[in-house]
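Undergrad: sequence unknown, structure follows:
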């Protein structure tokens, strides 16, 4: 994990102001920082060393390939770099995985190279001879990238919006996930030779063999196991977020197996957070005891959660209702990990709900076709919501998230199962549960536990987190404030007083940037509902605790 800032078209790329903007993302790479000016362009890099802890893995990296000189900055991991180097006869000079990037882009072109990478990544690669900049982002946007443009005069790329918000002339958006682009920088002018173009199609073909439930479950188990295994590669200590829900618990169980093989006698560390009486804390402890991990329960008060909201909105760069709610616990548990352990690589269970459309509203899908289209939409847009929340909450604290459910091969395995089988009437994520139901992975009370959103599970059944927030906001704000914020915020005007409160904080920090969130995350097929909490849906069993 790292932070990158690239600037073209600034008057003085060596100015103190530019360096101040660059330092706003230093939390992403607290180990080492380096900035270079190449052909009048600013390349700034902050490194969190995960693999190859020597300075040999430091960026920007310089390459000379067939007489062409390249400058590379990349935030990510390419898990199959050894295989690619052997297959394409590319001699690697270091053990750094991203060294493969310029070689494949040079030899096969940008779009083809991106499709070859098995990993999570964003990169910008500059060729000094052709004056072209190549940019790519992974399929599901696990690694973040913002792009800022000022017509043909200025181009900016940054891991977080805050690093380029200080240039008010820029129009800033997320660089779309699963896309790549080529920019010409000749004669001091930015021209998009190839505008952001999809390299990942989000097209999945059902395989008849996977219509058999047993075979489908086996495919899921094998693919997820491989996804976890390849993400175990790290020279830094590994830990797991453990909410006690199905997704994080399965990931934790798999990580525990690989960790125990390589670290005998050293228990895996797991972390959960909540308020007194939180549902998640109880189930997380059950999983931790079952696996034998070194478990940390972080119990905080309602006020500690509430006090963190303004800071969290600044860190995550979002005002989306459910994103903010979930980010508070995610940020606070990551802060605890940074301050109280030496774990740096943190596994999580994000992405499973999108892959299986296991949000409770999915049970209302009117047809198999609608179910499939909604699954794909969620995966395409996850970079604006759960992935954004996970990345910022964890990376803000100088840690690296690992998200095996968003492994490209795993997603393709799941979506190759006929939708009629994935859309089981038994319960949400039936196939995933069945795939790990042999008594060795998880206790049954967790494996078959009803889905609970992380933003709800950090609180008790009697007083959910969203009610805690809404009661506090109602004491401080009134309906007139809501109407006022609706007048100010033209893109995504808030429907809830709570959301208006979030918008006001966001506007104070990132005025005019509300377009970076395309819409509010809300459940579908549930009528005119304005609150995203699953606890308000008819499918939710409020008696379960």
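TA: Good, I have the coordinates. This one's a predicted model, so the numbers in the text were calculated from it and none came from an experiment.
Undergrad: which residues does residue 419 contact?
TA: Residue 419 makes contact with 206, 368-369, 371-372, 375 under the criterion C-beta atoms under 8 Å, 6 or more residues apart in numbering. C-beta here means a position set from N, CA and C on the backbone, and glycine is covered the same way.
Undergrad: that should have said residue 130, apologies.
TA: Applying C-beta under 8 Å, 6+ apart, we find residue 130 in contact with residue 68.
Undergrad: distance check, it against residue 182.
TA: Distance, residue 130 to residue 182, using C-beta to C-beta, to the nearest Å: 10 Å.
Undergrad: same check, this time on residue 470
TA: Residue 470 sits 47 Å away from residue 182, going by C-beta to C-beta.
Undergrad: quick one: which of these two has more around it?
TA: residue 182 (23 against 16; other C-beta atoms under 10 Å).
Undergrad: so for the helix or strand hosting that one, mean pLDDT?
TA: For residue 182, the enclosing helix or strand under DSSP states H and E is strand 179-184. The predicted model gives strand 179-184 an average pLDDT of 97.
Undergrad: which parts of that strand are buried?
TA: Neighbour-count burial for strand 179-184 flags 179-183 (criterion: 16 or more other C-beta atoms under 10 Å).
Undergrad: what is the nearest of the contacts of residue 419 to residue 268?
TA: When those are ranked by distance to residue 268 (C-beta to C-beta), residue 375 comes first, at 31.2 Å.
Undergrad: quick one: that closest one is in a strand?
TA: No. Under DSSP: H, G, I helix; E, B strand; the rest coil, residue 375 sits outside any strand and is assigned helix.
Undergrad: measure the residue nearest to it when sequence neighbours are not counted to residue 378 for me?
TA: Excluding the flanking residues, the one nearest residue 375 by C-beta to C-beta, 6 or more residues apart in numbering is residue 357, at 4.5 Å. Taking C-beta to C-beta as the measure, residue 357 falls 7 Å from residue 378.
Undergrad: okay, the two: which has more neighbours?
TA: residue 357 (25 against 21).
Undergrad: what's near enough to touch that one?
TA: 365, 371, 374-375, 378, 422-423.
Undergrad: and the furthest pair within the residues you listed?
TA: Farthest pair in the contacts of residue 357 (C-beta to C-beta) is 378 and 423. Separation: 14.1 Å.
Undergrad: how about the buried residues of strand 179-184 in a markdown table, adding distance to residue 395?
TA: Compiled in a markdown table, these are given as follows (distance: C-beta to C-beta, whole Å):
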| residue | distance to residue 395 |
| --- | --- |
| 179 | 21 |
| 180 | 23 |
| 181 | 23 |
| 182 | 27 |
| 183 | 26 |
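Undergrad: now, among the residues you listed, which is nearest to residue 144?
TA: residue 179 (13.4 Å).
Undergrad: what comes up buried for stretch 183-199?
TA: Buried residues in stretch 183-199, defined by neighbour count with 16+ other C-beta under 10 Å: 183, 185, 190, 194, 196, 199.
Undergrad: what does that stretch contact?
TA: Against stretch 183-199 from outside (C-beta under 8 Å, 6+ apart): 8-9, 39-41, 110-111, 114-115, 126, 131-133, 135-136, 147, 149, 151-155, 175-176, 178-182.
Undergrad: kindly report the same for stretch 507-518.
TA: Under C-beta under 8 Å, 6+ apart, the answer for stretch 507-518 is 146, 161-162, 165, 168, 172-174, 313-314, 317-320, 381, 384, 488-489, 491-492, 503, 506.
Undergrad: inside helices: which ones of the residues you listed?
TA: Judged by DSSP state H, helices contain the following of the contacts of stretch 507-518: 313-314, 381, 488, 503, 506.
Undergrad: now for these: which two are most distant?
TA: Using C-beta to C-beta, these span at most 25.0 Å, a distance reached by 381 and 488.
Undergrad: the more surrounded of these two?
TA: Remark: of residue 381 and residue 488, residue 381 carries more neighbours, 18 against 15, as counted by other C-beta under 10 Å.
Undergrad: can you pull out the helices in the stretch 51-200 of the chain?
TA: In the stretch 51-200 of the chain, helices defined by DSSP state H, counting those that start in this stretch lie at 81-87, 100-108, 110-116, listed in chain order.
Undergrad: in the longest one, which residues are buried?
TA: In terms of neighbour count (16+ other C-beta under 10 Å), helix 100-108 has its buried residues at 100-106.
Undergrad: mind putting those into TSV with pLDDT and distance to residue 334?
TA: Output for the buried residues of helix 100-108, formatted as TSV (pLDDT from 0 to 100; distance: C-beta to C-beta, whole Å):
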residue	pLDDT	distance to residue 334
100	97	30
101	98	28
102	98	32
103	97	35
104	98	33
105	98	33
106	98	37
